[in-house]
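[1] Quick check, what structure comes out for this input:
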Amino acid sequence: MPEKIELPITGMNCAACAARIERELNKMPDIAEARVNFPLKKAVIQPGSELELKEVIDRIRDIGYDVDIEADVTIRAQKEEAGLRKDFIWSISLSVIIMVFSMWMVLPYNNFILLILTLPVQFYFGLRFHGPAITNLKHFTADMNTLISVGTSAAFFYSAFVTFFPHVISAAGVSTMTYFDSSATIISLILLGRYFESKAKTRTYTAIKLLYELAPKECIVLKDGVEKRVPTDSLEVGDVVLIRPGEKVPIDGAVMQGSTYVDESMITGESMPVHKGADDEVVGGTINGKGSVTVRTTRIGSDTVLAKVIRLVEEAQFTKAPVQRLADRVAGVFVPVVIAIAVCAFLVWFFLGPEPRITNAILSFVSVLIIACPCALGLATPTAIMVATGTGARRGILIKSAEALELTNKTRSVLFDKTGTLTEGTIVLADLIPLGHHNEEDVLRTAFNLERQSEHPFSEALRRKAQELNIPSIAVDNFAAVAGRGIKGEINGISYRMGNRTFYEEEGPGLSDNISRLYEEKENSAASPVILWNDTGLVALLTFSDTVREESMGVVSDLKTMGIEPVMITGDSLNGARTISRRVGIDTYFYRVLPGKKASIVEDFKKKGITIMVGDGINDAPSLAAADIGVAMGKGTDIAIESADVVLMKGQLSRLISLIKLSKKTIRIIRQNLFWAFIYNVLGIPVAFGVLYPFFGIRLEPIFGAAAMVVSSISVVGNSLRLKLFKD
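    A predicted model of the protein is given here:
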């Protein structure tokens, strides 16, 4: 028996569906624990003893869902999205025709034509709501599916009755009006909302797929001195792999020969490439610099660091608390109450009402259901979300998840990655201090031409600075790189060396107290100092660092004003973390944090309240997925962007404040929309019941329910459009 079983599940429409399946599976005696993930559409089961897989599948099917043998979650997501798009197009096309025939074209047997046109919308495309509604009924629960199913079914069957038996309705003194257009339109509009939700969820699977593609499909293996290109997944522990300049590292291993600098930002998040020499470890998916190395494979398959990162992203989806929509919560109470009122109306009119009693009882029952079903309820959230996402996009905020927009207004903590988020993520020449008689231009010319020959990441920073100041290239003789120390070479017959303090003290007399203190100050300020000297003495002290974004301090200050706690998480050293956090005004920070620990920290903060994680790198993907709201910088990696719920386009961190304000405004609009969606209908229910009939002879016909739908829908749409006026 395997340690865990994963089953892809179809038919789930909301977080409540996942919770229901999870609850039922955990009742089975042979299951130790079952977790159902709505975003990933799968169940992860830990067997307790002798568990029969068929029994599990049968239990899932018994409660109204199914198990799909399609293993690729991305393909399943794309199929679901394509199916919803097709259903909406057909449904809305038929709905438009139905509305035209209902309002402007009156033909012989018009109602029969409308009935035939509505049948596929009600019973084929509407099956997405009727199926879950029946499942809800079996378990004595209700949600939006139940409300949609009850309301549209009442409108359809009443209209069908009017079509076949118009004289029965007219005999009761009620107009023979049909509501096929209302039924079809409600289903079409809700399908549109479901399609947009499905489209957003597909991005979750895309992120995981991109992670799998990080490692190269093929690599070069050395066997008996012969190079052979083989599939990466065929490697075994102990195989020797050749990694050329600029290539991705295919596996986890240890360097045997050669030296290079490796971009490990996918693991550490730090932009500074790391020197790798003999016996140093390299990680699959990282990017080799300009040196060639041979690497002995030490970990393969699920044991690699990259595989663990992928696993973290997948498991992070299970940590997200199911978000039950406000509309679902309202519907869960509203539907049973309305059905109870409708049944009471039927009984009162049947036993106490005037003749024809059965006709009046049916009409009152249907009137309550039709009037109570607010078409605008289906518009209340989607219209506000659609207008808000459009407004956000115009301000450089790409909102991919409606749930994220709804949750952001309750944010308690914002966790920032350091490099590329609070900082620019680009190494620059931050400071240059000439020493002795040397001037700044001479120092820059010498440093640039020495580094121009090397593969060190500082060379790019010097190249940009030299290009900016039009510094010319000059010849360097006898150039050599000293691994982990620095470089040396001759310019115009003068021997120069450039590197770290260890390199200088190995070849020179040691630093004076003043220069030593200056060097340590630079190191303690999250920078990398480099010494340049020649045979006659020190030439300069150059400092390379990542720069803090100009907007970081303002964003942190605004968060504090809102009562939101800002936190920094970084793979950098204690000195680097402390310096940057103080500079931007953050009190709480974590340093030397790897991806797994970062996701764990996010989980801890989630226990305190809604948590946002802001990051830009591959190493941030698990924590972005684990957070209640993952926010990626627009200039970050594709994987971070796909893992996130929100993307700040153009890397503008200040847009985070705009996102929070937009969320608060959107939630206010949604609550107002729900009020307008219900108020006309709720006011009409007592009249539809017949409370005014004994005193004034007034009864509310279904036609007034249709009018209430129109008025409430206009109110909802108009209110949502106010979000276009949103200002930061």
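
[2] contacting residues for residue 560?
    If you count contacts by C-beta atoms under 8 Å, 6 or more residues apart in numbering, residue 560 has them with 566, 585. C-beta coordinates here come from the backbone N, C-alpha and C atoms, glycine included.

[3] Quick check on it: phi, psi?
    Main-chain torsions, residue 560, degrees, to the nearest 10: phi -60, psi -40.

[4] what do you get for residue 411?
    phi -60, psi 130.

[5] and what of residue 538?
    The phi/psi pair for residue 538 (degrees, to the nearest 10) is phi -70, psi 140.

[6] and if you look at the one 4 residues further on?
    Recorded main-chain torsions at residue 542 are phi -110, psi 140, according to degrees, to the nearest 10.

[7] buried stuff in stretch 556-570?
    Residues of stretch 556-570 classed as buried: 556, 558-559, 564-570 (neighbour count, 16 or more other C-beta atoms under 10 Å).

[8] Quickly check those for the two that are furthest apart.
    558 and 570 (21.2 Å; C-beta to C-beta).

[9] burial of residue 474, as a residue count?
    Close neighbours of residue 474, defined as other C-beta atoms under 10 Å, add up to 12.

[10] Likewise for residue 475?
    Using other C-beta under 10 Å, the number of residues around residue 475 comes to 10.

[11] Enumerate every residue touching it.
    Residues near residue 475 by C-beta under 8 Å, 6+ apart: residue 491.

[12] On the pLDDT front, check it for me.
    With respect to pLDDT, residue 475 scores 88.

[13] now swap in residue 696 and tell me
    Confidence score, pLDDT, at residue 696: 72.

[14] what ranges do the strands span in the stretch 201-350 of the chain?
    Here the stretch 201-350 of the chain has its strands, by DSSP state E, counting those that start in this stretch, at 218-223, 226-231, 240-243, 252-257, 260-263, 274-276, 281-282, 287-288, 293-299.

[15] Of these, which is nearest residue 117?
    Closest among the strands of the stretch 201-350 of the chain, using C-beta to C-beta: strand 226-231, at 55.1 Å.

[16] which stretches of the stretch 351-500 of the chain have low pLDDT?
    Low-confidence segments of the stretch 351-500 of the chain, defined by pLDDT under 70: 372-379, 455, 457.

[17] Quick one: the helices in it, in order.
    According to DSSP state H, counting those that start in this stretch, the stretch 351-500 of the chain carries its helices in the segments 357-372, 377-394, 402-407, 440-451, 458-468.

[18] Reformat the ones you listed as TSV; add mean neighbour count and distance to residue 717.
    Below are those laid out as TSV (neighbours: other C-beta atoms under 10 Å; distance: least, C-beta to C-beta, whole Å):
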stretch	mean neighbour count	distance to residue 717
helix 357-372	24	20
helix 377-394	22	6
helix 402-407	22	17
helix 440-451	20	61
helix 458-468	17	51
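
[19] Take these and write them to a markdown table, including distance to residue 503.
    Below are the helices of the stretch 351-500 of the chain laid out as a markdown table (distance: least, C-beta to C-beta, whole Å):
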| stretch | distance to residue 503 |
| --- | --- |
| helix 357-372 | 80 |
| helix 377-394 | 50 |
| helix 402-407 | 49 |
| helix 440-451 | 13 |
| helix 458-468 | 13 |
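
[20] Could you name the stretch from those helices that's closest to residue 288?
    Across these, closest to residue 288 is helix 458-468 (C-beta to C-beta), at 15.6 Å.

[21] tell me what that closest one is packed against?
    Contacts defined by 3 or more C-beta pairs under 8 Å, 6 or more residues apart in numbering; DSSP states H and E place helix 458-468 against strand 423-434, helix 440-451.

[22] Listing partners with orientation, what would you give for the first one?
    Strand pairing for strand 423-434, determined by DSSP bridges: strand 537-548 (antiparallel).

[23] what angle do the partner strand and helix 458-468 make?
    Angle, strand 537-548 to helix 458-468, by axes from the mean of the first three to the mean of the last three C-alpha atoms, to 10 degrees: 90 degrees.

[24] any idea how far strand 537-548 is from the chain center?
    Relative to the centre of its chain, strand 537-548 is centred 39 Å away, using C-alpha atoms, centre = their mean, to the nearest Å.

[25] Mind listing what's buried along that strand?
    The neighbour-count check on strand 537-548 (16+ other C-beta under 10 Å) flags 538-546, 548 as buried.

[26] what does stretch 291-305 give?
    291, 293, 295-297, 299-300, 304-305.

[27] Including distance to residue 340 and pLDDT, could those residues go into CSV?
    Formatted as CSV, those follow (distance: C-beta to C-beta, whole Å; pLDDT from 0 to 100):
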residue, distance to residue 340, pLDDT
291, 76, 80
293, 74, 89
295, 71, 93
296, 73, 93
297, 68, 92
299, 62, 87
300, 62, 83
304, 58, 80
305, 58, 76
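
[28] Tell me which two in those are the farthest apart.
    Farthest apart among the buried residues of stretch 291-305 by C-beta to C-beta are 291 and 300. That separation is 23.8 Å.

[29] thinking again about what came up before, which one of the helices of the stretch 351-500 of the chain lies nearest to residue 90?
    Using C-beta to C-beta, the helices of the stretch 351-500 of the chain put helix 377-394 closest to residue 90, at 18.0 Å.

[30] Pull the closest one out as CSV, backbone CA atoms only.
    This file holds the C-alpha atoms of helix 377-394, laid out as CSV (Å, rounded to 0.1, in the frame of the first residue of the first chain):
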residue,chain,number,x,y,z
LEU,A,377,-27.2,38.0,-7.3
GLY,A,378,-25.3,36.3,-10.2
LEU,A,379,-24.0,39.8,-11.2
ALA,A,380,-23.3,41.2,-7.8
THR,A,381,-19.8,39.8,-7.4
PRO,A,382,-18.7,39.2,-11.0
THR,A,383,-19.5,42.7,-12.3
ALA,A,384,-17.7,44.3,-9.4
ILE,A,385,-14.7,42.0,-9.9
MET,A,386,-14.6,42.6,-13.6
VAL,A,387,-14.7,46.4,-13.3
ALA,A,388,-12.1,46.3,-10.4
THR,A,389,-9.7,44.1,-12.4
GLY,A,390,-10.0,46.4,-15.4
THR,A,391,-9.4,49.4,-13.2
GLY,A,392,-6.4,47.6,-11.6
ALA,A,393,-4.9,46.8,-15.0
ARG,A,394,-5.0,50.4,-16.0
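
[31] Check whether residue 122 sits in a helix, strand or coil.
    helix (DSSP: H, G, I helix; E, B strand; the rest coil).

[32] Report the spatially closest residue to it, excluding sequence-adjacent ones.
    Nearest residue to residue 122, sequence neighbours excluded (C-beta to C-beta, 6 or more residues apart in numbering): residue 156, at 4.9 Å.
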